[in-house]
Every structure is written in structure tokens, then in C-alpha cells.
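Peer 1: Fold the following, please.
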Amino acid sequence: MAKTTAEMHQLMARYEREFEANPLRFKMKAFGLIFLGYAFILFALLFNLALLGMLIYAQMTWGYHWSLVAGYIALGLLLIATVRSLFVRLPPPVGLTIEREQFPYLYDMIDSLRKPMRLRRKRIQLILDWDYNAFASTRPLFGLFGPSQYYVGVGLPLIASLNGEHLKAILAHELAHLSRKHTLFTGKLIRISVVWEVLAARLNQRSLLSLPYRAFANWYLQYLNAARVAMRKSQEFEADRLALRAVDKEAMARALLRGALRAQIVVDDYWNFLWAKSATVEDPSARAISRLFDRLSTTIDQEEASHEMRWRLGDVAMPWDEHPSLRNRLVALGIEVPESEAEIPNFVALWNLTRPESSYHRVFSGKTIEMNQELDAFWQHHHLVPWVMAHESAKPGAALMRRLEKEWKEKGSLGPESAWKYASLSISFLGLKRAIPVIEYVLEQKPSHPHANFYYGSHLVEALDPKAIGYLKKAIELDPLSYRRDGLAMLSDLQRRLGSTVDSETSWANAEEANDKLELAIKEREKPVRRSDEFLPHGMEEVDLKELCDAFAEVPGIKRVSLVRKKLEHMPNSPYYVFVLKPTAAGRLRLRAITKNCLEPFGFSRLQKVFPSTWWTFSLRLKIRKVEGAVIYRKGKK
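Peer 2: Presented below is the predicted three-dimensional model:
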């Protein structure tokens, strides 16, 4: 039986406590879970083979019958899906594989850490990637079997923002994972988890014979994932402790602090800014990595750094997080962490967190210009296809945003839904801060706009403004399907940071409950519309309805449009709109094109709940048209 969200969180917390109390005993429990997963598959294979043997015996004894064919097909498909799932390969880490001849500094640093980390005989392959992180992983050499291959990955932005001692601390932490065989053990958990996820997906639409598989998978994966999450958190603390054999705690703490500070302020903002250009620029940047390094080499504003550190130190690890919070890791290292906001600016200044530092020149052995050119070319080639795809998909939106921006400047106003579409496109291409003036305009015109309330509340949350609570609550009330779960989680975090512990716990409990209700609401909306459903008036405001009808008027081939709401049991405040589009005599409707080019561009804010159709039975269309105000558009009539 599937657990509720609250029960899953309690299970993860219990497993975490059990692992901290007795790691060896918990590992035995985890081994038992792994064994159980493979044992069930083996038992199921033997049982299915026995059933197949019984069918063969029945045919040999009583002769052929057509019903045996269905049995052969069902068992055959089940056996094939089960066997294929056992051969799931774990892919190697993604990144740029580097050798000692190219980067001797990194390999020499690894060699200097082998003795304190007790990894003298392990062959380690280094990998560079574009993320602001570092990782360690273990994988069988041939994917399914063979000796273990050890990988350590380091992000290029991390190298460009840490000096040699800080980079050594990060590598020591990752090598500690390999030394304690954390990656080897969690790799086994991940592999059996992937086996069962693949098997459950393949059997999702199969016969009743697959029902035991799916029931077991729903129960089994809950405990398996909870065990993996609990172990990963504790392993991070253990890796930090073991890394202190090679570096001092100040170097480890400084590496963690600098990484947490620059991850959002510099790296994430840079990549968001760069990929936003794909809407207007056809080819990826030819100097993406070089410009990132340039940004990392600049000093961070003291006030901005203090605000970001306030956020990072206020973070708490969620039950599903595989890494502990920054504050908990610093406390475990014995570092004194500020308890009040007034102490944070002095804390940032004391640790020199705003000043740029780098081991970039050492890692690249002084050949920075040549390596920059090579890395820029590699990034451009590697991201050419994703960039072109993003450009092509964003072109209609970019054109619409320019048109709406021009109309906004010329007229000084837009309809609420058109204004919101302009705001949502600005969020996608320019970021939330650039869209705030338009969002404020939408709220002036239509205070009950759920999306504008949510995003404006999110903006105020960044500033820790208590006014955000009112906007988030209104968004949750107006559109619970879209915002109840995430809005309550955001509300809980803000209330905790503002010191309202009781309110925060209440909001968090409501968020857990909302997650379960959301799953039921999504399943209800995924069901096809039928004649037996009940329909209600659409309930849209006149100004929004006029914009929508103007959009339909520009689409050739549409004679009449009916719009109603389907009556729902779960989260009824979030409407599920049903459209019926009737074509003209010579018209031919392309529903996907109408959805994309008519409803979506003209700011129909509940697009994900639209169900356009033209092939329903007469009785269903008649039932919809009988709803009051269902017909919203007729060609040639206002």
C-alpha cells in the first residue's frame, strides 16, 4: 500500500536516526532490501516458467485450444520484460574525461591525498563538467559486471572559484566517499531501484499477471528510496570528517561557504542569462566558459553576499534531500555559525567570501588562453543541438513578447490575460525581477489573478518580506491545483525564517497533505471527458472572455466555440475547461495548432486544463451546449 507524503517523510527520518545510531545494522537492513528485490524477480521468473510449463503440458495432454495462445503471449511478454530489466546498465558519468598528461596538477593533488584517504591502489578517472559541484561515483567497468571503475568529477566553475587548498578539501571529501565505499554501496541501491522502476514502467499496461509486480514495486520502492536518502545524508558528514585527515577544518569550511555563496549569485544567474539568449540568438555562445570565468574573477558586492549567506545559512535539509544543510555541516566541523542576521555581514567579511580566488591557472598549467579556447569550442559543440532546439521552440514566444512589449509601450495598457502572458514570457526570457512591473500591473487590473499573486509572492519571499504571505495564500486559494503544494511549502519556509515556528509547522503539514491531494486531482483530470460527466458554466470574467473570443476570430475555419467547466471532486477551485470547436463547412481544424497559436499566445492562463475536441458524439455536444452561456463565440457575431 502506498504511503502518504507525511508517512514517507516520517519513514525517512526514522531511517536516518537508525543509520546514525548503528550504521552496520542499517547496512544489513539495506542489503536485505537489495536481496529482497532480486529474490522477488527470481521467484517471479520461476513461477512464470512453471505456468508456461503447465500450459505446454495442458496442450500436450488435451490438445490445442485458441485460449492457450493468449496465455503464451501474456507469459512471454512478462518473461521478456522481467529478464530485460535485469540488464539495465548504469551509464558512466557525463563530462570531459581528462588524463594525467593534460592536467598533471589535479592528478598530483589526487596522489597527495591517496595515503590519508587510504586509496593507494585505486585507479581514479578524473572528469570535468560544467556544473558548480564535485562528485564521486563507482561503476562496473563493463556496465553490468567487471571490476569497479572509480570516478571523481570536478566542475570547471568550482575550479575557477576556489584556491588550491580549498580545491584540495573538496577532492578529499570526494575521495573519502570512495575510501569508505559509499558510492559502491549506494550504487547497488540505485541499480536495484532502476531495475524495478524500469520493470514497473514496462508492465504498466500489461495483463493482470503483472499486478503482483506492480503492487510489490509500489511498496518496495518506498523503503528502498528512503534507505538510500538516509544513508546519503550521514555519508556526507562522514566524508567531511575523513577529509580532515588531509586538510584543516577552516579550509573545508571556507570551500563550503564559497561554493554556497557563488552557486546562486554567479553561476546559476550566468547560465540562466546565457540560455535566455537562445530565444533570440540562433547559435550558442562561442565564449561561454571564458565569460563564466571572467564573472567568477570579480568581487561580489558585500550587501548581496550577506543577503545570499543569510538564505544559505537559513536553509534546512528536507526529508528527501540527500545532502545535509550548510549550517549543519559547518556545525559538525566545529565552525561557529552566526545565530542572528546582524552577525552575518561580519561573518562574510571574516571569511573573505566576497574576494575572488581561483586555482584555474594552476590546473591548466598556465595555458589559460589555449584551454579557454578549447573549452569554449567543446561547450559550443556539445550544446549546439539543445541550443537550436531551444531557439526554435522559443521563437514564437519571443515574437509574441516583442509584440506585447510594443503594444504595452504604445497604449500603456493591456488586457489582464495579455498582460500576464507578457509577464510570463518576461519571466522565462529575462527573469522574475524584470517582470515585476508588469506583474504589479496585472494585480492592479485583476487582484484575483492566481499566477500573478504567486509570482509576486515569490518575489517578496526572496526579500523575506512578510507581505509575501498574503499573496501566496491568495494564489493557493484561487488555484490550489497549481499552487497549493508548492505555495504551502514556500509559505512554511518563509514563516520558519521569520520566526513563526508554529505557523511554519502547520503550513508544512498542510503541504504534505496537499501533495497527496494533488496526485488524486491530477489523476481525475487525466480521465477522458465522457457523456456521464457533469458540466458547469465556465465562470470566466468578461474581459478575459473577450480576449479569448478575439483570438478565435483570427483563426480561419472556426464556426462556433463552446466552453464549459467539468465538475470535479478534487480541488474544484482549479477549473478544468472543456472546449468544443465546430469548424465551418470548408474549414479543417488542427487542434494542436489552435491550442499553441490561439489559446497559448493570447494568454489563456489555464491552458494545461484545456481539452479541445471536434469528434465527440452528438449527445455529448448537445449536453455541453445546454449549459448556460456555453457558446462563447460564433463566426461573424460579437
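
Peer 1: just for this structure, where's the confidence low?
Peer 2: 1-2, 141-146, 204-209, 584-618, 636-638 (pLDDT under 70).

Peer 1: Give me the residues contacting stretch 190-201.
Peer 2: Residues from elsewhere that reach stretch 190-201, judged by Cβ atoms under 8 Å, 6 or more residues apart in numbering: 33-34, 37-38, 41, 81-82, 85-86, 88, 90, 213-214, 217-218, 220-221, 224-225, 228. No exception for glycine: its C-beta is placed from N, CA and C like everyone else's.

Peer 1: Please repeat the previous calculation with a cut-off of 10 Å.
Peer 2: Outside stretch 190-201, the residues within contact range by Cβ atoms under 10 Å, 6 or more residues apart in numbering are 33-38, 40-41, 44, 81-82, 84-90, 137, 139-140, 144, 183, 210, 213-214, 216-218, 220-221, 224-225, 227-228.

Peer 1: buried stuff in it?
Peer 2: I190, R191, I192, S193, V195, W196, E197, V198, L199, A200 (16 or more other Cβ atoms under 10 Å).

Peer 1: Name the SS class of the fifth one, please.
Peer 2: Three-state assignment for V195 (DSSP: H, G, I helix; E, B strand; the rest coil): helix.

Peer 1: What segments of the protein are strands?
Peer 2: 96-98, 124-129, 134-140, 148-155, 535-537, 558-566, 577-583, 611-613, 631-634 (DSSP state E).

Peer 1: just so I know, which of those lies nearest D516?
Peer 2: Ranking the strands of the chain by proximity to D516 (Cβ to Cβ) places strand 558-566 first, at 21.6 Å.

Peer 1: Against which helices or strands is the closest one packed?
Peer 2: Secondary-structure packing of strand 558-566 (3 or more Cβ pairs under 10 Å, 6 or more residues apart in numbering; DSSP states H and E): strand 535-537, helix 542-553, strand 577-583, helix 618-625, strand 631-634.

Peer 1: Deepest-packed of the ones you listed, please.
Peer 2: The highest average neighbour count among those, using mean count of other Cβ atoms under 10 Å, belongs to strand 577-583 at a mean of 20.

Peer 1: so what strands line up beside that one?
Peer 2: Using DSSP bridges, the strands paired with strand 577-583 are strand 558-566 (antiparallel), strand 611-613 (parallel).

Peer 1: out of the ones you listed, deepest packed?
Peer 2: strand 558-566 (a mean of 21).

Peer 1: tell me the angle of it relative to helix 618-625?
Peer 2: On the basis of axes from the mean of the first three to the mean of the last three Cα atoms, to 10 degrees, strand 558-566 is oriented at 80 degrees to helix 618-625.

Peer 1: now strand 558-566 against helix 542-553, angle please.
Peer 2: 140 degrees.

Peer 1: From L96, how far off is the closest residue to K122 other than its chain neighbours?
Peer 2: Nearest residue to K122, sequence neighbours excluded (Cβ to Cβ, 6 or more residues apart in numbering): Y150, at 5.3 Å. Y150 sits 17 Å away from L96, taking Cβ to Cβ, to the nearest Å as the criterion.

Peer 1: I'd guessed H166 sits against N352; true?
Peer 2: No. The criterion here is Cβ atoms under 10 Å, and H166 misses it with N352 at 11.4 Å.

Peer 1: Spit out the residues that contact those two alike.
Peer 2: R254, L257, R258.

Peer 1: Columns neighbour count on top of the residues you listed, output as TSV?
Peer 2: As requested, the shared contacts of H166 and N352 are exported to TSV (neighbours: other Cβ atoms under 10 Å):
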residue	neighbour count
R254	21
L257	22
R258	23
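
Peer 1: Around Y213, count how many other residues there are.
Peer 2: If you count neighbours by other Cβ atoms under 10 Å, Y213 ends up with 23.
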